[in-house]
Structure formats: C-alpha cells, structure tokens
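Q: attaching a predicted model along with its sequence, questions to come.
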Amino acid sequence: MSRYTNKRKIVNASEYYAPLRRSRGLRAIVQYETLMLHNPTVSQRTSLKTNTHIWKYGDRYYKLANQYYGDSRLWWVIAWYNARPTEANIQTGDVIAIPLSIEDILTVLRI
C-alpha cells in the first residue's frame, strides 16, 4: 500500500510552477495533500517505552535512528517525538526521549 493511497490529489496549475511545467511539457502538476502530524498526547507518551539520551557533540538524528531502528531514514520519528524538528533545536547536554518500538510509535501516528 502506498503512503499516498488515502491522500487527496491537488492539481496545481499556478503561475509559480509555469517554468517547471513548460520544461516538462505539462499543463499542471499533480501533488498530494500534506500529512499533518500531531505530537503524542500525555497518555500516548506513557504507553510507549522510551530510552533517554543525553545529546552530545557529534550526535545526529539519523545516527540515533540507525542505532535504535536500524534505518537512518527514520530520523524524523525522534525529531517528531521530541517536538524538535532539527538538530539546531538541541543543545549539548539536552535530554531527549527515543521511542524504542517503531511499530508502536507508527501506530500512534495513525490516529
């Protein structure tokens, strides 16, 4: 199942994209509705097992995702869960939580 299966399609014929459409020989560009993620509630957080991590020099979301999930592409899960979208939002010594079960956290996302 594609992640776009239940997403609304938007036909974009705006002038902003005119040069791109011309270069591709298109009349319009089909885009998909953006997924809206909400931070987990307190009850959802208490139901998830997490590990605490003290941010140190050289840490990166993708490295932690690879370490905990075996897939560096899941870096956004750690960023989303901690409501810190980029590493620039974290200082050395800050404590972040890392959800241990990727299946459980993805279940929370589907709400």
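A: Nice, thanks for sending it over. Numbering: from 1, shown residues only.
Q: can we go C-alpha only for contacts and neighbour counts from here?
A: OK.
Q: now do the same contact list for the residue nearest the centre of the chain.
A: Note on the chain: the residue nearest the mean C-alpha position is Trp76, at 3.8 Å, using Cα atoms, centre = their mean. Trp76 makes contact with 61, 85, according to Cα atoms under 8 Å, 6 or more residues apart in numbering.
Q: this structure: strands as residue ranges?
A: 9-12, 29-32, 50-54, 95-99 (DSSP state E).
Q: go through the ones you listed and pick out the most buried.
A: strand 95-99 (a mean of 18; mean count of other Cα atoms under 10 Å).
Q: now that one against strand 50-54, angle please.
A: Strand 95-99 and strand 50-54 meet at an angle of 150 degrees, taking axes from the mean of the first three to the mean of the last three Cα atoms, to 10 degrees as the criterion.
Q: which residues touch strand 95-99?
A: 48-55, 78, 81-82, 105.
Q: equivalent analysis for stretch 20-28, please.
A: So stretch 20-28 is contacted by 11-13, 29 (Cα under 8 Å, 6+ apart).
Q: stretch 48-64 too?
A: Here stretch 48-64 makes contact (Cα under 8 Å, 6+ apart) with 72-76, 78-79, 87, 90-101, 104-105.
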